[in-house]
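Student: using only what follows, build the 3D model:
(chains A and B)
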Amino acid sequence: NAGVTQTPKFQVLKTGQSMTLQCAQDMNHNSMYWYRQDPGMGLRLIYYSASEGTTDKGEVPNGYNVSRLNKREFSLRLESAAPSQTSVYFCASSVGSPNTEAFFGQGTRLTVV
Amino acid sequence: GENVEQHPSTLSVQEGDSAVIKCTYSDSASNYFPWYKQELGKRPQLIIDIRSNVGEKKDQRIAVTLNKTAKHFSLHITETQPEDSAVYFCAASRNAGNQFYFGTGTSLTVIP
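Tutor: Residues are numbered from 1 along each chain as shown, chains lettered A, B, ... in the order given. Next comes the predicted model:
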């Protein structure tokens, strides 16, 4: 059982480049999330999708876009990367309502130079 | 939106002692409060959770308490062991929207 799978695990971008982080879950979960983790800042919600076909902004959405491609997949796109987007990105999923445990992917370490 | 505050940011205890981490939340509609443990370089993983209709929950050496009136919940680890060393995150969530809001984390070090 793979759980939540993110790709890639590591990425270096130049300022202004674009990229898409991929996330897939095989647990038939309704809700999916993208977080970024920075030292001393905890996990901050970028975007979430409560169910297939819906997406909503979280705490720090600026500079990002998302696509809930289907129930399994939720991608995060950086259109024009900036050094401030250097971070570790985690995708997560949960059953949905009522709330239960969120399962996390292994993370993507992104460096923007 | 929800605001979750977590204290302390760092905590060092001797092996065998207890550790307590405290969190407060702002949204009275939050009704689910998980705690996650993140080891260095790994993903966060759930260690215990509590719902708003329960005041306390225990799982072996780990317990969580919730005070809905004060909007306060705490993680208690007893008889700490070196393998408990990690970063711990509290979170708050509510059914509408299902989003999870996390505290800023506590780095726990258990000294052998």
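
Student: which parts of chain B sit against chain A?
Tutor: B:1, B:6, B:9, B:31-32, B:34, B:42-46, B:49, B:89, B:91, B:93-105 (C-beta under 8 Å from any C-beta of the partner chain). In this view, the C-beta of every residue, glycine as well, is placed from N, C-alpha and C.

Student: can you say which of the residues you listed are buried?
Tutor: B:6, B:31-32, B:34, B:43-44, B:49, B:89, B:91, B:93-94, B:97-105 (16 or more other C-beta atoms under 10 Å in any protein chain shown).

Student: which ones are touching B:Asp84?
Tutor: By C-beta atoms under 8 Å, 6 or more residues apart in numbering or on different chains, the contact list for B:Asp84 reads B:Ala19, B:Ile77, B:Leu108, B:Val110.

Student: so which of these is the most crowded?
Tutor: Of all these, the highest neighbour tally under other C-beta atoms under 10 Å in any protein chain shown goes to B:Ile77, namely 25 neighbours.

Student: any figure for the gap between the closest residue to that residue other than its chain neighbours and chain A?
Tutor: Excluding its sequence neighbours, the residue lying closest to B:Ile77 (C-beta to C-beta, 6 or more residues apart in numbering or on different chains) is B:Ala19, at 4.5 Å. The gap separating B:Ala19 from chain A is 18 Å, by C-beta to the nearest C-beta, to the nearest Å.

Student: what's the spacing between B:Ala19 and B:Leu40?
Tutor: 18 Å (C-beta to C-beta, to the nearest Å).

Student: again with A:Asn28
Tutor: Taking C-beta to C-beta, one finds A:Asn28 at 31 Å from B:Leu40.

Student: closest one to chain A out of the contacts of B:Asp84, please.
Tutor: Nearest to chain A among the contacts of B:Asp84 is B:Leu108, at 14.7 Å by C-beta to the nearest C-beta.

Student: partners of the closest one in the sheet?
Tutor: On the basis of DSSP bridges, B:Leu108 is bridged to B:Leu11, B:Ala86.
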